[in-house]
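Q: Pasting the sequence and the predicted model now:
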Amino acid sequence: MAAKKRSSRPYAESAGYSPKTPATGTSLVNVGPTERVLSTLAGAALAYAGIQSKSKAGGAALAALGTGLAFRGVAGYCPLNDVFGRDSAAKQPKPIEIKETFTVYRDIDRVYGYWRRFENLPNFMEHLESIEELDQRRSHWVARIPGGLGTVEWDSEVTRDEPNRLIAYQSLPGPQVDQSGEVRFRQAEGGKGTELQVVMHYRAPLGALGQGVAKLLNPALSELIRSDIRRFKMMMETGEVPTIEGQPSGRGHDKG
Amino acid sequence: MKALCWVGTNKLSVERIPDPEILNPHDAIIRVGLSSVCGSDLHLLDGYVPTMREGDVIGHEFMGEVVEVGPALKNMKRGDRVVVASVVACGGCWFCDTGQYSLCDNGNAHAAVAEKALGYPGAGIFGYSHAFGGYSGSHAQYIRVPFAELGCFKIPDGVGDESALFCSDAFPTGFMAADMCGIEPGDIVAVWGAGGVGLMAMHSAYLLGASRVIAIDRFPERLAMARKHARAETLNYEEVDILEALKEMTGGRGPDRCIDAVGMEAHTTGAEHYYDLVKQQLKIETDRPAVLRQAIMACRKGGTLSIVGVYGGLIDKFPMGAAMNKALTFRMGQMHAQKYIPRLLDYVQGGSVDPAYLLTHRWPLERGPEGYDMFKHKTDKCVRVAFQP
């Protein structure tokens, strides 16, 4: 169930929104995708060769150069490119889009209001550890990397905020996360509550290489976000998230 | 505690497992008093319901006593004697708010699984596979009931445990079957299946204004019950041609409303039965729809077919031409227990129906596997066995 295959005509478009904006487009990416892959691979090879090298000085230099190249590949940012005004990233890979739609049987101001307090998001978004609101527009996000591989952090800024209609936000320039989101709210016909559509764009932190991996992972990620939003609906409608985690069975205690 | 677990196709076993605990604010823990088998459990046993896992506690029709209440529950207390809806519904979504509890958006803890199978997820059901939430069932000494204030109903004084028990599932399912028929005065209602649900559908058809009820089954003791308790005329499909007999009994018009209280493992006579059985065994079709086909052919033009027998997947040789050209109305669904239970407890308390007669065997939980075997093969004139854990 790849997100791409879902309804071709975006809900957002009918609300007068153009979904063309790619992720944030604001990350300091000035190394093109092919170059990033080569950079990463060459960098890793060099660093490895350097570390293995018998000549200490030469080895250290190789390792440093390798690490630098690898960083350049992973982050997509090259300080030298910056100095020389070179940008090989002009043709960026398209950001990945995830779109999920739910109806929440609650009044629109309540649904919008809960979401607008970003500090609430980790209550239902499982991969988020915390969000701290720095001021009206800016917030600091901390997300867990799946598999217990640590956390990533970034700052995000609200770019549009129309009460009971729309919240749009995007990550601020930084090498780790290039992500943006739009949350749209619309009163459902027939007193069925509030229609909620979440559209997320992101670029993987590992450039083209990561982008390929991310595309493979997209259905899984799409499902994760869908279950996040389902949890939001459940919390708004019932005050809890149904679970069987911890119930007894012939297997002992269930894990969920 | 002791619990009856599904171990594999046609394999059940009584196990010692940990006691349940409150996991969510709206949970309650019930000490199970009586827990009944249900025809729909046989589909689990026979392996026709996917997403069962080894060690799942089965059972969904039960009553008992409240022993622990979650922090968000205000109108329940320890010691309350309750009958519990087999369907887990939240009470906070649009479907619950409009009385369609089995379609609840939030009652299923594994909504994503159900969504894949059905397009949209429905409510949870106790002890009925992970597609229905994976909730541990009631064939155990204790059970955790989510959204307990919505799902538990205090049993009125004077109503016995055995009578209240079947208000959990069999009676509301049968009642909903009759309710979906849209019965009008003078209607003749035919009910396929004279098990617990079918018998309750017969009582309900009269309660809702039917003038005659016809029961179809092949077990003499069940047909005798239909005559004695539910005032039904009866037909044994192994003895008569059902379509001919129904025509004769209805002046050639056919029954106005037809209820399928059998579902996906229907048994019929002759080649048709073996055709479906073979296809089902080969997994070419998942469900055997013999009753459905017969009901479509039997129903009067412009009549209603109400389906509460459970179907799980795909069926074959569905006489759509007959259904369309006779302008039949189809109504179906898992039942909205929470909507019907208070009304049914009133009927029971008032004496108009007493479902206690369904209980032919009252056994300890240790005899669970044996009980299901008896129920499945309908030996010893078993209609319902309930375990007393």
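A: Received it, and whenever you're ready, just let me know what you need. It should be emphasised that the depicted structure is a prediction, and the values quoted were computed from it without experimental measurement.
Q: for the residue of the stretch 151-300 of chain B found nearest chain A, phi and psi?
A: Chain A sits closest to B:Gly151 of the stretch 151-300 of chain B, with a gap of 12.3 Å, by Cβ to the nearest Cβ. Placement of C-beta: from N, CA and C, glycine included. Main-chain torsions, B:Gly151, degrees, to the nearest 10: phi -90, psi -20.
Q: doesn't B:Val83 make contact with it?
A: No. B:Gly151 sits out of contact with B:Val83 when judged by Cβ atoms under 8 Å, with a separation of 9.7 Å.
Q: re earlier: give the contact list for the residue of the stretch 151-300 of chain B closest to chain A.
A: B:84-85, B:87-89, B:145, B:337-338 (Cβ atoms under 8 Å, 6 or more residues apart in numbering or on different chains).
Q: Kindly report the same for B:Ser35.
A: Residues in contact with B:Ser35 (Cβ under 8 Å, 6+ apart) are B:59, B:61-62, B:137-140, B:365, B:386-387, B:389.
Q: switch the cut-off to 10 Å
A: B:4, B:58-64, B:84, B:126-127, B:137-141, B:143, B:165, B:168, B:365, B:368, B:385-389 (Cβ atoms under 10 Å, 6 or more residues apart in numbering or on different chains).
Q: so which of the contacts of B:Gly151 also contact chain A?
A: Subset of these in contact with chain A: B:88-89, counting by Cβ under 10 Å from any Cβ of the partner chain.
Q: hang on, the earlier thing: can you work out which residues contact both of B:Gly151 and B:Val83?
A: Joint contacts of B:Gly151 and B:Val83 (Cβ under 10 Å, 6+ apart) are B:30, B:168, B:337, B:341.
Q: So the third one versus B:His60, what's the distance?
A: To B:His60, B:Ala337 is 10 Å away according to Cβ to Cβ, to the nearest Å.
Q: Next, show the common contact partners of those two.
A: Shared contacts of B:Ala337 and B:His60 (Cβ under 10 Å, 6+ apart): B:84-88, B:125, B:168-169.
Q: Quick check: of the shared contacts of B:Gly151 and B:Val83, which lies closest to chain A?
A: Distances from chain A to those, taken by Cβ to the nearest Cβ, are shortest for B:Ile30, at 13.5 Å.
Q: That closest one is in contact with B:Ser136, isn't it?
A: No. Judged on Cβ atoms under 10 Å, B:Ile30 makes no contact with B:Ser136 at a distance of 11.7 Å.
Q: what do these two both touch?
A: With Cβ under 10 Å, 6+ apart as the test, B:Ile30 and B:Ser136 both reach B:20, B:142-144.
Q: check which helix or strand covers A:Gln197.
A: If you go by DSSP states H and E, A:Gln197 is part of strand A:194-203.
Q: Which pLDDT value belongs to whichever residue of the stretch 51-200 of chain A sits closest to chain B?
A: Nearest residue of the stretch 51-200 of chain A to chain B (Cβ to the nearest Cβ) works out as A:Tyr105 at 4.4 Å. On the pLDDT scale, A:Tyr105 is placed at 98.
Q: Measure how buried it is and give me the count.
A: Close neighbours of A:Tyr105, defined as other Cβ atoms under 10 Å in any protein chain shown, add up to 23.
Q: Not counting its neighbours along the chain, what's nearest it?
A: Nearest non-adjacent residue to A:Tyr105, counting by Cβ to Cβ, 6 or more residues apart in numbering or on different chains: A:Gly193, 3.8 Å away.
Q: for the one you found, what are its contacts?
A: The contact partners of A:Gly193, by Cβ under 10 Å, 6+ apart, come to A:102-108, A:110-111, A:187, A:233, A:236-237, B:93-94, B:97.
Q: Phi and psi next, for it.
A: In terms of degrees, to the nearest 10, the main-chain angles of A:Gly193 are phi 110, psi -140.
Q: Confirm B:Gly309 sits in a helix?
A: No. Counting by DSSP: H, G, I helix; E, B strand; the rest coil, B:Gly309 is not found in a helix; it is coil.
Q: Can you tell me the SS state at the nearest residue to it once chain neighbours are set aside?
A: Nearest non-adjacent residue to B:Gly309, counting by Cβ to Cβ, 6+ apart: B:Gly263, 2.8 Å away. Assigned by three-state DSSP, the conformation of B:Gly263 is coil.
Q: Okay, now stretch B:299-319: how far is its last residue from its first?
A: End-to-end distance of stretch B:299-319 (Cα to Cα, to the nearest Å): 12 Å.
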